[in-house]
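>>> Next come a sequence and a model predicted from it.
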There are 2 protein chains.
Amino acid sequence: MYYAGIDLGGTGIKAALVTREGEILQKETVPTGADRHWTAIMADMVELIWTLAARQGIDISEIRGVGLGVPGSVDPEHGKLLYAANLPNCADMDARTFMQRELGLPLYIDNDANVAALGESLFGAGKGNDRCCVMITLGTGVGGGVIINGRIFAGAYYGGAELRHTVIVENGRPCNCGRRGCWETYSSATGLIRSAREAAAQDLDSLLWNVCDHDLSKLTARKVCEAVDEGDPTANRIMDEYLHHLAVGLGNIYNIFQPEILILGGGVSGRGEKLLVPLRGLIRSEIYGHDMSKVDIRIATRGNDAGVLGAAALVMQEE
Amino acid sequence: MYYAGIDLGGTGIKAALVTREGEILQKETVPTGADRHWTAIMADMVELIWTLAARQGIDISEIRGVGLGVPGSVDPEHGKLLYAANLPNCADMDARTFMQRELGLPLYIDNDANVAALGESLFGAGKGNDRCCVMITLGTGVGGGVIINGRIFAGAYYGGAELRHTVIVENGRPCNCGRRGCWETYSSATGLIRSAREAAAQDLDSLLWNVCDHDLSKLTARKVCEAVDEGDPTANRIMDEYLHHLAVGLGNIYNIFQPEILILGGGVSGRGEKLLVPLRGLIRSEIYGHDMSKVDIRIATRGNDAGVLGAAALVMQEE
């Protein structure tokens, strides 16, 4: 049997044909055309599934169902995308009915960040540890999801697991959610860049100026890390502060979820052990009981494939 | 069929015979004798169950099983209390084997705060809303528990759901867990009293001095509330700050768990609507999307019975 996983993004629709073991057999991406009406976007998804099935030489009836990750709020019970800021004509998209009518396949939907966490949990860094697994993506924002007993947990109304919007610094940095001091404002790549810009403005000798050709607007998380690795004291201070805030947020997550595996993904996680080694030291003092024997933090392994894998897993868990 | 629920505390062992609907038919409490070996404490539990069964005029075989809430860390899979600070001779208490041998009844164990949350969720203020229910107890500390799909959630190793030990104020008040700025240091009754003492020391005209007979060591949460209700400006400022911190912590919980019902218990919750009305106003700006239509905060209704009810429910959920 085969499983179809689709990752609907603001720029691309990515689809894959996946086995029960999480092997991707076929994969294809087409542009989203984000301004189009949802029926046109769904028609492209149907077309993608035909294409993948044809390439694999299988019949549509050999596909168990379609999983769909979407960048917005969802109603998983009814298979609907409710609202996505980047897809203005996709409100109340009835994906389930459309797919059932066009291909006779059941469709299961969830938020893309949660779906990617599911994929990474089941088929990536979290494999074999599905009692409780938390994934945190350190990118433009702080994304991620919570997997409990092998399933996405997002609260009673599917809009929870917003770990990024938990206040860790009372009256701290303003967040676009309206609160102040949300974890995301410190631990995202954007938060790191903001801190580095502010520090560089106070230290005209910092290497932070060199790595961005003396234009702070060109500063990226990667360039900040370059300055750190070249031993710049200011950049190192900023990275220490960044790691402290990251550890406070992860400490909160440990005290709440006590996950078997905590997975870090996104751009900043590309630092690998350079990130993990100091982080483990800092987390020790943040977790209840200071017991590191139950702390297992890993870097994500499935990258951008986590989305289609997690989407396919939405189908598997209905069997 | 009948269910036995036992709430083991540092001072008393409370047992009850409960129906499937959460009605308490018989109830009895005996002193714990906290320094005794666990076999003696367990023998008293067995005796309590005999007593309750006799009073009800039923046979032990009509009891489905025994649920037990304990003030410490547990291994629910094996029915053991691992460690309880207030019960020094109860480490590695093998409650399940003991109960099986003495009464031939299955025993299920969990942490007392989680068990009380389960009781309140299923048979109290949360009744009928078991998809996700969070209970917070505002007492000496900040207790509580998380119920997901009608079951206790406490992380992969049963030691999570420590909502009280999440940092909301970076570098804030020192907490006995070793962190700084934990929610508990602000939102417990102890936190309220601390704030009131500090404020009274700066304002010798405050009514806070009158309500405690000019001895700040006698200040209690109830007395602080008296000064608030009498219109004392300093006490009101402290209460406003208290409510702000409470709202920040509850906002974090909402963004993570999006519970159907959030239940407040413990001494401070005795303020009822005087607590809930301003709190609802403050929480609005703390929750993601500021959508109050999914926010339902209630005061606990089962008081001290929540423990035995939740313990009995541990048995019910195994059926």
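Nice, I can see it. Numbering: from 1, shown residues only, chains lettered A, B, ... in the order given.

>>> Show me where chain A has its helices.
For chain A, the helices defined by DSSP state H occupy A:38-56, A:95-103, A:112-123, A:183-187, A:189-202, A:207-211, A:221-229, A:233-257, A:273-284, A:306-316.

>>> Could you dump those helices into JSON lines and include mean pLDDT and mean neighbour count?
C-beta coordinates here come from the backbone N, C-alpha and C atoms, glycine included. Output for those, formatted as JSON lines (pLDDT from 0 to 100; neighbours: other CB atoms under 10 Å in any protein chain shown):
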{"stretch": "helix A:38-56", "mean pLDDT": "98", "mean neighbour count": "17"}
{"stretch": "helix A:95-103", "mean pLDDT": "98", "mean neighbour count": "19"}
{"stretch": "helix A:112-123", "mean pLDDT": "97", "mean neighbour count": "29"}
{"stretch": "helix A:183-187", "mean pLDDT": "97", "mean neighbour count": "27"}
{"stretch": "helix A:189-202", "mean pLDDT": "97", "mean neighbour count": "19"}
{"stretch": "helix A:207-211", "mean pLDDT": "97", "mean neighbour count": "21"}
{"stretch": "helix A:221-229", "mean pLDDT": "97", "mean neighbour count": "21"}
{"stretch": "helix A:233-257", "mean pLDDT": "98", "mean neighbour count": "22"}
{"stretch": "helix A:273-284", "mean pLDDT": "97", "mean neighbour count": "16"}
{"stretch": "helix A:306-316", "mean pLDDT": "98", "mean neighbour count": "29"}
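
>>> mind giving me a markdown table with these and columns for distance to A:E28?
Output for those, formatted as a markdown table (distance: least, CB to CB, whole Å):
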| stretch | distance to A:E28 |
| --- | --- |
| helix A:38-56 | 6 |
| helix A:95-103 | 16 |
| helix A:112-123 | 17 |
| helix A:183-187 | 32 |
| helix A:189-202 | 29 |
| helix A:207-211 | 37 |
| helix A:221-229 | 29 |
| helix A:233-257 | 35 |
| helix A:273-284 | 33 |
| helix A:306-316 | 10 |
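
>>> nearest to chain B, of those?
Nearest to chain B, of all these, is helix A:233-257, at 4.1 Å by CB to the nearest CB.

>>> Quick one: list the elements packing against that closest one.
The contact analysis (3 or more CB pairs under 8 Å, 6 or more residues apart in numbering or on different chains; DSSP states H and E) places helix A:233-257 against strand A:132-138, helix A:183-187, helix A:189-202, helix A:207-211, helix A:221-229, strand A:261-265, helix A:273-284.

>>> try it again with 6 Å
Judged by 3 or more CB pairs under 6 Å, 6 or more residues apart in numbering or on different chains; DSSP states H and E, helix A:233-257 is in contact with strand A:132-138, helix A:183-187, helix A:189-202, helix A:221-229, helix A:273-284.

>>> Contacts for it, please.
A:132, A:134, A:168, A:183, A:186-187, A:192, A:195-196, A:199, A:203, A:206, A:208, A:227-228, A:278-279, A:282-283, A:286-288, B:155, B:160, B:162, B:165-167 (CB atoms under 6 Å, 6 or more residues apart in numbering or on different chains).

>>> got the angle between it and helix A:189-202?
150 degrees (axes from the mean of the first three to the mean of the last three CA atoms, to 10 degrees).

>>> what inclination does helix A:233-257 have with respect to strand A:261-265?
Going by the same axes, to 10 degrees, helix A:233-257 makes 140 degrees with strand A:261-265.

>>> Helix A:233-257: how far from the chain's middle?
19 Å (CA atoms, centre = their mean, to the nearest Å).

>>> again, but for stretch A:232-244
25 Å.

>>> How about stretch A:263-281?
15 Å.

>>> Also stretch A:109-122?
The answer for stretch A:109-122 is 8 Å, by CA atoms, centre = their mean.

>>> what's that stretch in contact with?
So stretch A:109-122 is in contact with A:68-71, A:74, A:76, A:79, A:95, A:126, A:133, A:135, A:143-145, A:147, A:152, A:154, A:263, A:300, A:302, A:306-307, A:309-311, A:313, going by CB under 6 Å, 6+ apart.

>>> And the buried ones among these, selectable in ChimeraX?
Here is the ChimeraX command that selects the buried residues among the contacts of stretch A:109-122 (16 or more other CB atoms under 10 Å in any protein chain shown):
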select /A:68,69,70,71,74,76,79,95,126,133,135,143,144,145,147,152,154,263,300,302,306,307,309,310,311,313
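
>>> Can I get the helices and strands packed on helix A:233-257 in a markdown table including distance to chain B?
Formatted as a markdown table, the helices and strands packed on helix A:233-257 follow (distance: least, CB to the nearest CB, whole Å):
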| stretch | distance to chain B |
| --- | --- |
| strand A:132-138 | 4 |
| helix A:183-187 | 9 |
| helix A:189-202 | 13 |
| helix A:221-229 | 21 |
| helix A:273-284 | 10 |
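
>>> ok, back up a step: the helices of chain A: which one's closest to B:D296?
helix A:233-257 (20.9 Å; CB to CB).

>>> Enumerate the residues of chain A near chain B.
A:131-132, A:155-157, A:159-160, A:162, A:165-170, A:177, A:248, A:252, A:255-260, A:288, A:294 (CB under 6 Å from any CB of the partner chain).

>>> Just the buried subset of those residues, written out for PyMOL, thanks.
To isolate the buried subset of the residues of chain A next to chain B in PyMOL, counting by 16+ other CB under 10 Å, use the following:
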select buried, chain A and resi 132+155+156+157+159+160+162+165+166+167+168+169+170+177+248+252+255+256+257+258+259+260+288+294
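
>>> what's the distance between the nearest residue to A:L138 once chain neighbours are set aside and A:K274?
For A:L138, ignoring the flanking residues on the chain, the nearest one in space by CB to CB, 6 or more residues apart in numbering or on different chains is A:V268 at 3.7 Å. For A:V268, the distance to A:K274 equals 10 Å [CB to CB, to the nearest Å].

>>> Over to A:L262?
Using CB to CB, we find A:L262 at a distance of 17 Å from A:K274.

>>> looking at it, A:G67 is touching A:Y2, isn't it?
No: A:G67 is beyond contact range of A:Y2, at 11.9 Å (criterion: CB atoms under 6 Å).

>>> These two: which is more packed in?
Neighbours per residue (other CB atoms under 10 Å in any protein chain shown) separate A:G67 from A:Y2, with A:G67 holding more: 32 against 21.

>>> What distance do you get for that one to chain B?
21 Å (CB to the nearest CB, to the nearest Å).

>>> Check that residue and give its pLDDT.
Here, the pLDDT recorded for A:G67 equals 98.

>>> Can you report phi and psi for the residue located most distally from the centre of chain A?
Note on chain A: the largest C-alpha distance from the chain mean falls to A:D205, namely 36.1 Å (CA atoms, centre = their mean). Main-chain dihedrals, A:D205, degrees, to the nearest 10: phi -90, psi -10.

>>> Repeat that for the one 10 residues further on.
Backbone geometry at A:D215, expressed as degrees, to the nearest 10, gives phi -130, psi 100.

>>> Determine the number of other residues adjacent to it.
The burial count for A:D215: 8, using other CB under 10 Å.

>>> Look up how far chain B lies from it.
31 Å.

>>> got it, and A:S217?
28 Å.

>>> try A:I13
26 Å.

>>> Name all residues that make contact with that residue.
A:30, A:32, A:44.

>>> repeat for A:I24
A:16, A:18.

>>> That one bridge partners, please.
A:V18 (DSSP bridges).

>>> same deal with A:V146?
Under the criterion used here (DSSP bridges), A:V146 is bridged to A:V134, A:F153.

>>> Format the helices and strands packed on helix A:233-257 as JSON lines; extra columns: distance to A:M99.
Output for these, formatted as JSON lines (distance: least, CB to CB, whole Å):
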{"stretch": "strand A:132-138", "distance to A:M99": "27"}
{"stretch": "helix A:183-187", "distance to A:M99": "33"}
{"stretch": "helix A:189-202", "distance to A:M99": "35"}
{"stretch": "helix A:221-229", "distance to A:M99": "38"}
{"stretch": "helix A:273-284", "distance to A:M99": "40"}
